[in-house]
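Asks: Sequence and computational prediction follow.
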Amino acid sequence: MIEAPAKIFSFYRDGFRNMTVGKTLWKIIFIKLLVMFAVLKLFFFPNYLKQNFDTDAQRGAHVLEQITRHVN
């Protein structure tokens, strides 16, 4: 039972170790994801709580109100 995870791990380890073009492609993928998420975070998800509330208590009260309010 313990041999299966070890075999799977060694399969992927050896596969990634022997890659040539694949390593470059993975680097490109990670760079693109990093840039994409950084841009999304900066421009599309502003820190609403930090901008609209001064203290942690106010932020907490607002979040609590939002998640516990009843939908009519």
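Replies: Alright, I've got the coordinates. Numbering: from 1, shown residues only.
Asks: what's the neighbour count on Leu49?
Replies: 13 (other C-beta atoms under 10 Å). C-beta coordinates here come from the backbone N, C-alpha and C atoms, glycine included.
Asks: That should have said Arg59, apologies.
Replies: 15.
Asks: and whichever strand or helix holds it, average pLDDT?
Replies: Per DSSP states H and E, Arg59 falls inside helix 56-68. For helix 56-68, mean pLDDT rounds to 92.
Asks: and Asp54, which of the three is it?
Replies: coil (DSSP: H, G, I helix; E, B strand; the rest coil).
Asks: Also Pro46?
Replies: Under three-state DSSP, the three-state class of Pro46 is coil.
Asks: so how far is Thr24 from Ala38?
Replies: Separation of Ala38 from Thr24 (C-beta to C-beta, to the nearest Å) stands at 21 Å.
Asks: Next: Lys32.
Replies: Counting by C-beta to C-beta, the gap from Lys32 to Thr24 is 13 Å.
Asks: One more: Tyr48?
Replies: Relative to Thr24, and taking C-beta to C-beta, Tyr48 is found at 39 Å.
Asks: Phe53: how many residues sit nearby?
Replies: As a burial measure, Phe53 scores 15 neighbours (other C-beta under 10 Å).
Asks: How far does stretch 45-59 sit from its chain's centre?
Replies: On the basis of C-alpha atoms, centre = their mean, to the nearest Å, stretch 45-59 sits 21 Å off its chain's mean C-alpha point.
Asks: end to end, how far does that stretch reach?
Replies: End-to-end distance for stretch 45-59: 17 Å, by C-alpha to C-alpha, to the nearest Å.
Asks: list the buried ones in that stretch?
Replies: Residues of stretch 45-59 classed as buried: none (neighbour count, 16 or more other C-beta atoms under 10 Å).
Asks: and what of stretch 30-49?
Replies: Within stretch 30-49, no residue is scored as buried using 16+ other C-beta under 10 Å.
Asks: who touches the strand or helix carrying Val39?
Replies: Per DSSP H and E, Val39 falls inside helix 21-44. For helix 21-44, the external contacting residues (C-beta atoms under 8 Å, 6 or more residues apart in numbering) are 16, 19.
Asks: Rounded mean pLDDT for it, please.
Replies: The average pLDDT for helix 21-44 rounds to 87.
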